[in-house]
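Q: this is a predicted model, with the sequence first.
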Amino acid sequence: MPGAWSLDDIPDQSGRVAVVTGANSGIGYVTARELARRGAHVVLACRSPARGRAALDRLRAETPGARAELATVDLASLASIAKFAAGLPHPRIDLLVNNAGVAMVPFARTADGFESQFGINHLGTYALTGLLLPRLLAAPEPRVVTVSSEGHRYVRFRLAALTAGRYYAPFAYLRSKRANLYFAVELHRRAAAAGLPLRSLAVAPGLTRTNVLTGGANAGRGRLYRAVLPLLVRALFRPTPEGSKTSLYAATLPGLPGGGYVAPGGFLELRGEPAVRNGHPALRDAGTARRLWELSEDLTGVRYDLSAPRAG
């Protein structure tokens, strides 16, 4: 459609250092590739070294001259997250895209004993962002983009249910995506209160063809699931580059205010061009966001120092 925002509208990213989690496939890969295509130095933060290496090779083949590197991190392990954050060879990070996650997986627990969808999608994201915070605050205009889901509004959010392992998939997944939304808004609220230039936004990709429902832990599901779901995804979901638009819009649009939510502008946020959709009540539920933040502090042991002076 005329005037629609496209990947060609991404402004020059030269000089920015960007970390993209879950960058070996799907939306994360396209996000990393397009940032690199516009000149950013991109760190592909991936759980699997083999899949990460394949993604890095593909990115370099598709984007000659790209400045990109691979780093390993498993958001299901607080020890892995700490090792990644400590070993990253960049004193400054301009952009963190919290893209990695799991969806509708069979019940499991992380290395630290958390229900896997809450543990990976929210607690892993919370811990990683907190441990990278000093590097983010060393940048002049740091930005954090956290991938939520348009499905976040279809579940009642109960803090007690997050760690109990009850009311499982799809409710555990949708609760974890609501937690992503609360986290993104609360991070911006706290940074703004401290007078820091960090901008944090949540995004939803809409219906998008990725392997999040068919790969990883979902690859071992029953024969009927493995036969039918890929057909539904191909028939009903949009190509992956379309789903990456909201992440890239939130990550690169000049002057975009923090503390908001970017989603497809069409019906039920399932399709359409990126648009700021700040009408959801969850965005204004500061009480729940604060309690979730405090719970996340206790569970992960990661506390954000938002009073630290910026370097350089």
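A: Alright, I've got the coordinates. Numbering: from 1, shown residues only.
Q: distance between the ends of stretch 29-47?
A: End-to-end span of stretch 29-47 (CA to CA, to the nearest Å): 13 Å.
Q: same question, stretch 256-267
A: 23 Å.
Q: next, the buried residues of it.
A: Residues of stretch 256-267 classed as buried under the neighbour-count rule (16 or more other CB atoms under 10 Å) are 258-265. C-beta: built from backbone N, CA, C; applies to glycine.
Q: confidence-wise, which of those comes last?
A: On pLDDT alone, Gly265 ranks lowest of the buried residues of stretch 256-267, at 84.
Q: now it: closest residue in space that isn't a chain neighbour?
A: Nearest residue to Gly265 in three dimensions, chain neighbours excluded: Ala275, at 3.4 Å (CB to CB, 6 or more residues apart in numbering).
Q: could you measure from that neighbour over to Ser48?
A: According to CB to CB, to the nearest Å, Ala275 stands 34 Å off from Ser48.
Q: Ala184 now?
A: Ala184 sits 26 Å away from Ser48, going by CB to CB.
Q: more crowded one of those two?
A: Legend: neighbour count by other CB atoms under 10 Å for Ala184 and Ser48, higher for Ala184 (29 against 14).
Q: residues of the one helix or strand the more buried one maps to that come out buried?
A: Using DSSP states H and E, Ala184 maps to helix 171-193. Within helix 171-193, the residues scored as buried using 16+ other CB under 10 Å are 171-192.
Q: what is that helix packed up against?
A: helix 116-117, helix 125-137, strand 143-147, helix 159-162, strand 199-203, strand 261-264, helix 286-300 (3 or more CB pairs under 8 Å, 6 or more residues apart in numbering; DSSP states H and E).
Q: how far does the second one sit from its chain's centre?
A: In terms of CA atoms, centre = their mean, to the nearest Å, the centre of helix 125-137 is found 13 Å from the chain centre.
Q: and the angle for that helix with strand 199-203?
A: Helix 125-137 runs at 140 degrees relative to strand 199-203, counting by axes from the mean of the first three to the mean of the last three CA atoms, to 10 degrees.
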